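**Student:** Here's a sequence, model it:
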Amino acid sequence: MRICRAALAGPLLVALGALPAAGQNRPRARDLGVPFDGDPGPLNAITDVSGVEVGHRTLIAGSGALVVGRGPVRTGVTAILPRGRGSSDPVFAGWFSLNGNGEMTGTAWLDESGFLEGPVMITNTHSVGTVRDSVIAWRVQQGEPDSSGYWWSLPVVAETWDGYLNDVNGFHVKQSDVFAALSGAGGGPVAEGSVGGGTGMICYELKGGIGTASRRLGPQHGGHTVGVLVQCNCGLRDQLTIAGIPVGRELNEPRVWSDAETGSIIIVIATDAPLLPHQLRRLARRAALGLARTGSISGNGSGDLFIAFSTANPGAASAAAAQLTMLSNERIDPLFQATVEATEEAIVNALVAAETMTGANDRTVLALPHDRLRQILERHRRVAR
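**Tutor:** Coordinates of the predicted model:
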C-alpha cells in the first residue's frame, strides 16, 4: 500500500490486522537467501499458533524540526491476542527480564496467578500508561461487567523507546489507536518492519521494528508450533550478526549511536504445546539465546523483556478443578530450540522488512541494504541454496 504523504491533511493512520497474501510487498530474510535452522510454519509467523491474532496501528505525520506535542510523529501500537478477539479465556504464561531498563506492566499478577488475562500490547516508552488504560476500556466494551460489578484488569503492556525519530513526549498514541489495533487484529500474515509499535524503532543502528517467525516441530516431538514476535530497538552496529556472520562490521552505512546503545527489545513467544507457567518462564528465558545469535549483549541501557504463553488447556482459569495436560520436562528441549531459532529469524525479518525513515529534526535511519547483505553472505558462503 503506497500513500502519498503530501496528500494527507493529518497523520497517516493505519490499522493492520491480517494481511492478504500479497500484503508483504517487502522480501523477508529467507527471500534474500539468509539461512536459518529449523522448519517454519506455513506463515513463518506467530499467527501459525492457532488462535493467535495480531493487530497494528501505525502513526506517521509531519517532518522537520521537533515541536513537542506536534511532531514529527513516528510511532504506534501493536496488539497480540492469544486466543483472538472472540475469547476472554486466559492462557498460562511466564515472563523473563534479561535486562530491566524497560517496562512490562501486569507481570506481578502474571507471576502470582500464572495466567495472562487479555492481550499483550507493545508501544513506545511514554505511551505505556495510555495503552494500559485503553486496554481496560476496550475490555469493558467487549462484555458486561463481572459478578463483582466491574471488570478487574491488569493489562500487560511493554515498550521500547522511539524518541530518536518520534515526538515521544507528545503522547500521540490515543485510546482510539489502541482500540483500532485490538479491533483490527486478525490471523494470517503479519505486517513487519516500521509498523505498529515498531514504527519508530532502531535495531543495530539500522531501521528496526516488528518482526515475526515460527517453528513447527515434527511428529516425533508432538507436532507443536512455536511462534515469536519481536519489537526490536536494540544493539550497536558492530554487534550485528546474521547467520553467524559479523554483518554489521562490514557495513559502511552511517552510524546512529556512539559507544552505548539506548534501545530495547520486547519478545513475545506463543505455543500450542501444553506448558505450565513455570515451563513457560523457562521458554521465555531461551529467547535470550536467539537474541544473542544476532549479536546483542543486552547492554546496561537496554530493556530486554520477554513473555511466553500457551494456548493449550482452554478453560483452566475458570474450572473449579481443572484437568490439565502438561508436556514432560524431558520432552521440552525441542521447544527451547524452536524458540531460539524463531527469535533469531524474527529479529532479522524485522531488519529486512524495515524501510529507511526520516523523523524528528530530519534525522534519518537507513534500512539494512538487501544487496549488501546478500553480497556479504555470498562472500562468506552463507547463502541458502
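**Student:** Quick one: neighbours of residue 111, just the number.
**Tutor:** Residues contacting residue 111 under the criterion other CB atoms under 10 Å number 13. In short, each C-beta sits where N, CA and C put it, glycine included.
**Student:** Which residue comes closest to it once chain neighbours are left out?
**Tutor:** Once flanking residues are discounted, residue 111 sits nearest to residue 95: 7.5 Å by CB to CB, 6 or more residues apart in numbering.
**Student:** Distance of the one you found relative to residue 343?
**Tutor:** 15 Å (CB to CB, to the nearest Å).
**Student:** Which one's more surrounded, those two?
**Tutor:** The residue with more neighbours, out of residue 95 and residue 343 and counting by other CB under 10 Å, is residue 343; that gives 29 against 25.
**Student:** what's the spacing between that one and residue 320?
**Tutor:** Using CB to CB, residue 343 is found at 37 Å from residue 320.
**Student:** got the CA coordinates for the helix or strand harbouring residue 159 in PDB?
**Tutor:** Element membership of residue 159 [criterion: DSSP states H and E] is strand 156-160. What follows is strand 156-160, C-alpha atoms only, in PDB (Å, rounded to 0.1, in the frame of the first residue of the first chain):
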ATOM      1  CA  VAL A 156       0.300  -6.500  30.000                       C
ATOM      2  CA  VAL A 157       1.900  -3.600  28.100                       C
ATOM      3  CA  ALA A 158       5.500  -3.400  27.100                       C
ATOM      4  CA  GLU A 159       7.600  -0.700  25.500                       C
ATOM      5  CA  THR A 160      10.700   0.300  23.600                       C
END
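**Student:** Now do the same for the closest residue to residue 280 other than its chain neighbours: helix, strand or coil?
**Tutor:** When the adjacent residues along the chain are set aside, residue 280 lies closest to residue 94, with 3.5 Å between them (CB to CB, 6+ apart). Secondary structure state of residue 94, per DSSP: H, G, I helix; E, B strand; the rest coil, is strand.
**Student:** my guess is residue 94 meets residue 287, correct?
**Tutor:** No - the pair formed by residue 94 and residue 287 falls short of the contact definition of CB atoms under 8 Å, at 11.4 Å.
**Student:** Now do the shared contacts for these two.
**Tutor:** Counting by CB atoms under 8 Å, 6 or more residues apart in numbering, the shared contacts of residue 94 and residue 287 are residue 308.
**Student:** Looking at residue 258 now. What's its pLDDT?
**Tutor:** In the prediction, the pLDDT value recorded for residue 258 is 71.
**Student:** Counting neighbours, what do you get for residue 291?
**Tutor:** Using other CB under 10 Å, residue 291 has 27 other residues around it.
**Student:** The one 5 residues further on now?
**Tutor:** Summarising burial for residue 296: neighbours were counted as other CB under 10 Å, giving 27.
**Student:** likewise the one 4 residues further on?
**Tutor:** Neighbour count for residue 300, taken as other CB under 10 Å: 10.
**Student:** got it, and residue 315?
**Tutor:** Per other CB under 10 Å, the neighbour tally for residue 315 reads 10.
**Student:** what's near enough to touch the nearest residue to it once chain neighbours are set aside?
**Tutor:** Counting by CB to CB, 6+ apart, residue 89 is the residue found nearest to residue 315 once chain neighbours are left out, at 6.4 Å. Remark: with contacts taken as CB under 8 Å, 6+ apart, residue 89 is in contact with 83, 314, 315, 317, 318.
**Student:** Where does residue 89 fall, secondary structure wise?
**Tutor:** Here residue 89 sits in a region with no helix or strand, counting by DSSP H and E.
**Student:** Check residue 210 too.
**Tutor:** Using DSSP H and E, the element containing residue 210 is strand 209-216.
**Student:** Which strands and helices lie in contact with the next helix or strand after that strand?
**Tutor:** Sequence-wise, the next helix or strand beyond strand 209-216 is strand 225-233, with elements assigned using DSSP H and E. In this structure, strand 225-233 packs against strand 73-81, strand 156-160, strand 202-203, strand 209-216, strand 264-271, helix 333-353, with contacts taken as 3 or more CB pairs under 8 Å, 6 or more residues apart in numbering; DSSP states H and E.
**Student:** How about the residue nearest to the spatial centre of the chain: what's its closest non-neighbour residue?
**Tutor:** In the chain, the C-alpha nearest the mean C-alpha coordinate belongs to residue 230, at 2.8 Å (CA atoms, centre = their mean). Taking CB to CB, 6+ apart as the measure, residue 230 lies nearest to residue 346, with 4.6 Å between them; neighbours along the chain are not counted.
**Student:** Would you confirm that the one you found contacts residue 211?
**Tutor:** Yes - counting by CB under 8 Å, residue 211 is a contact partner of residue 346 at 4.3 Å.
**Student:** neighbour-wise, which of these two wins?
**Tutor:** Neighbours per residue (other CB under 10 Å) separate residue 346 from residue 211, with residue 346 holding more: 33 against 29.
**Student:** so how far is residue 159 from the more buried one?
**Tutor:** For residue 346, the distance to residue 159 under the criterion CB to CB works out to 18 Å.
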